[in-house]
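S.K.: predicted model, plus sequence, below.
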Amino acid sequence: MTVPREQGGKEKRLRRIHPRWGSLLASVLAVMVLVPAAALGGQVVSEEHNMQVGARIGRVLPAVVGILTDVSAEVTIRCGKNETYTVKPDPHRENATGFIIHPDGWIATNGHVVKPVYDDDEAQVRGFLDAAAKAVCGPGLAKLPAQRRKARLAAIVHDPENCKGVKLTKRLEVYLPKVLPPGVSHHPALPAVVKAYSPPIDPRLLPKDGSPPNPPMLDAAILKIDATNLPVVPLARNAEQLFEGQPLVIIGYPGVVVWHDFLSPRSRAEATVTFGRISSFKTDVNDRTIVQTDAPITWGNSGGPVFDLDGDVIGIATFISTSLEGDQAIQGFNFLIPVDTIQAMARQIGLTPKADSPFMTEWNQALNDAVAWHLGEALEHVDAADKIVPGLIYVWSTRERIRKRLEEESQRIVGE
């Protein structure tokens, strides 16, 4: 998430059923989500409604993906006459979220998610040069007075010859929610390329007269990976029918969970689901209507899909509110860009989002059969889905739990 700065002032604190189905759904999907009463305004929610919401979330989870940007550099830097070094400062890595909008590998996310690998070269060159200068030039300047030392380091960083000595290497990778293979410590990644891009809001570049930026700063992007027949999410046509108080669901990969010290790396493929409501509608600097929500999101949720309770994407998690220092998230005041932005961007590149695929045909039928307690048929469709896109964690967990339920039913019948 990004923290925009106000012009000439302080930082803005914004960063970017069967009667037994209740127990089965909790086990089968392994992602059963009971909508808390508070999330629906305190009203009593029926078990059947909870099951329907859980099933809809189960349908879309396989199409929510993790995104990693990695920028590294080899820096050849001259500290002084006859003092040239080659160093590799620590790389810049960030995780975020995206969602598949077409089975042939088209993925939507935020612009600020891919900005480091798309158009951030100048800032990154300076950053890596600064790190290299402090590491290899700093010790030789340690005896200088603080002001002279600072000035000398600044001169080294801004030396045009040193700027030419920075060789950037960039990676943009997508992680499908797959089971971690035995003996493997890292989830396999798919390289991605940016096919459409609009930058995040940068207050430093806004027109001084208060008019909307041109081109717009819509903070959206569409990526492409080399894959077919993938899971997909359905997109709402637009956000015009949304209303204050409407329940919503956000799915993503918050960094605080992905990189939690107490969690196994195997769990990194499983997304986090949070609930909330639409709090308000605001207008951003592009004169675009955006959505305010009280749903909990944080760093890493960027680019994640926001669903209504019908399972359609209505927006994208974009920026959050933080403390005055900008280092702690303040929940309850977060913002989403509307699905209209992705729909328009797709049209610009001639892409028509598609909500079905061979995988989705099998996966949806598997969940429908499980809800109807047709476990044998459900297992057949789960196996078929796994053959189309092997190894998805939600398919794997669903199959294991259906098998367990079938064994329990068989034992119960024998016992009778």
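M.R.: Yep, that arrived.

S.K.: could you pull out the helices in the stretch 1-150 of the chain for me?
M.R.: Taking DSSP state H, counting those that start in this stretch as the test, the helices found in the stretch 1-150 of the chain are 21-28, 47-60, 111-118, 121-132, 146-158.

S.K.: closest to Ala355 out of these?
M.R.: Among the helices of the stretch 1-150 of the chain, helix 47-60 comes nearest to Ala355, with 10.1 Å by C-beta to C-beta. For glycine as for every other residue, the C-beta is placed from the backbone atoms N, C-alpha and C.

S.K.: quick one: average pLDDT of that closest one?
M.R.: Helix 47-60 comes out with an average pLDDT of 75.

S.K.: ok, stretch 112-119 next?
M.R.: On average, stretch 112-119 scores 94.

S.K.: please shift the residue numbers so they start at 608 in all later answers.
M.R.: Taking 608 as the first residue, the last one we looked at is stretch 719-726.

S.K.: low-confidence ranges in the stretch 608-757 of the chain?
M.R.: Applying pLDDT under 70 to the stretch 608-757 of the chain picks out residues 608-659.

S.K.: does Leu775 really touch Val678, like I thought?
M.R.: Yes: when contacts are counted by C-beta atoms under 8 Å, Leu775 is listed as touching Val678 (6.3 Å).

S.K.: quick one: common contacting residues for these two?
M.R.: Residues touching both Leu775 and Val678 (C-beta atoms under 8 Å, 6 or more residues apart in numbering): Gln731.

S.K.: which one's more surrounded, those two?
M.R.: When Leu775 and Val678 are compared for neighbours, Val678 comes out ahead with 20 against 15, by other C-beta atoms under 10 Å.

S.K.: ok, back up a step: so which of the helices of the stretch 608-757 of the chain gets nearest Arg1008?
M.R.: The minimum distance between Arg1008 and those falls on helix 628-635, with 4.4 Å, by C-beta to C-beta.

S.K.: follow-up on the earlier one: pick the most deeply packed of the helices of the stretch 608-757 of the chain.
M.R.: helix 718-725 (a mean of 25; mean count of other C-beta atoms under 10 Å).

S.K.: chain center to that helix, what's the gap?
M.R.: In terms of C-alpha atoms, centre = their mean, to the nearest Å, the centre of helix 718-725 is found 12 Å from the chain centre.

S.K.: how big is the angle separating that helix from helix 728-739?
M.R.: Computed by axes from the mean of the first three to the mean of the last three C-alpha atoms, to 10 degrees, the angle separating helix 718-725 from helix 728-739 equals 70 degrees.

S.K.: returning to what we had before: pipe the helices of the stretch 608-757 of the chain into TSV and attach distance to Gly911 per row.
M.R.: As requested, the helices of the stretch 608-757 of the chain are exported to TSV (distance: least, C-beta to C-beta, whole Å):
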stretch	distance to Gly911
helix 628-635	23
helix 654-667	11
helix 718-725	10
helix 728-739	25
helix 753-765	36
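
S.K.: which of those sits closest to Gly687?
M.R.: Proximity to Gly687, assessed across those by C-beta to C-beta, is greatest for helix 753-765 (8.5 Å).

S.K.: contacts for that closest one?
M.R.: Contacts for helix 753-765 (C-beta under 8 Å, 6+ apart): 684-686, 733, 736-737, 740-741, 744-745, 748-749, 751, 769.

S.K.: now the angle from that helix to helix 728-739?
M.R.: 130 degrees.

S.K.: after helix 753-765, which helix or strand is next?
M.R.: Note on helix 753-765: by DSSP states H and E, the next helix or strand toward the C-terminus is helix 767-771.

S.K.: restrict that next one to CA atoms and write it as PDB.
M.R.: In PDB, the C-alpha atoms belonging to helix 767-771 read as follows (Å, rounded to 0.1, in the frame of the first residue of the first chain):
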ATOM      1  CA  PRO A 767      26.200  10.600 -13.200                       C
ATOM      2  CA  GLU A 768      28.900   8.000 -13.700                       C
ATOM      3  CA  ASN A 769      27.800   6.200 -10.500                       C
ATOM      4  CA  CYS A 770      24.200   6.300 -11.800                       C
ATOM      5  CA  LYS A 771      25.300   4.500 -14.900                       C
END
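
S.K.: just the buried residues of it, please?
M.R.: Neighbour counts over helix 767-771 (16 or more other C-beta atoms under 10 Å) mark Asn769 as buried.

S.K.: centre of the chain to it, how far?
M.R.: Using C-alpha atoms, centre = their mean, the distance between the centre of helix 767-771 and that of its chain works out at 35 Å.

S.K.: now do it, average pLDDT.
M.R.: On average, helix 767-771 scores 93.

S.K.: what pairs with the next helix-or-strand element following that helix, and is each one parallel or antiparallel?
M.R.: Sequence-wise, the next helix or strand beyond helix 767-771 is strand 773-782, with elements assigned using DSSP H and E. Strand 773-782 pairs in its sheet with strand 671-687 (antiparallel), strand 797-805 (antiparallel), by DSSP bridges.

S.K.: just these: most buried one?
M.R.: Across the strands paired with strand 773-782, averaging neighbours per residue (mean count of other C-beta under 10 Å) puts strand 671-687 on top, at a mean of 21.

S.K.: just the CA atoms of that one, as CSV, please.
M.R.: Listed next in CSV are the C-alpha coordinates belonging to strand 671-687 (Å, rounded to 0.1, in the frame of the first residue of the first chain):
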residue,chain,number,x,y,z
VAL,A,671,-7.3,-15.2,-6.1
VAL,A,672,-3.5,-15.2,-6.5
GLY,A,673,-0.5,-13.9,-4.8
ILE,A,674,1.8,-11.4,-6.5
LEU,A,675,5.5,-10.7,-5.7
THR,A,676,7.6,-7.9,-7.1
ASP,A,677,11.4,-8.2,-6.7
VAL,A,678,13.9,-5.6,-7.7
SER,A,679,17.6,-6.2,-7.1
ALA,A,680,20.7,-4.4,-8.3
GLU,A,681,24.4,-4.8,-8.9
VAL,A,682,26.1,-1.4,-8.2
THR,A,683,29.5,-0.4,-9.4
ILE,A,684,30.3,2.7,-7.4
ARG,A,685,33.2,5.0,-7.2
CYS,A,686,33.8,6.5,-3.8
GLY,A,687,36.9,8.4,-4.8
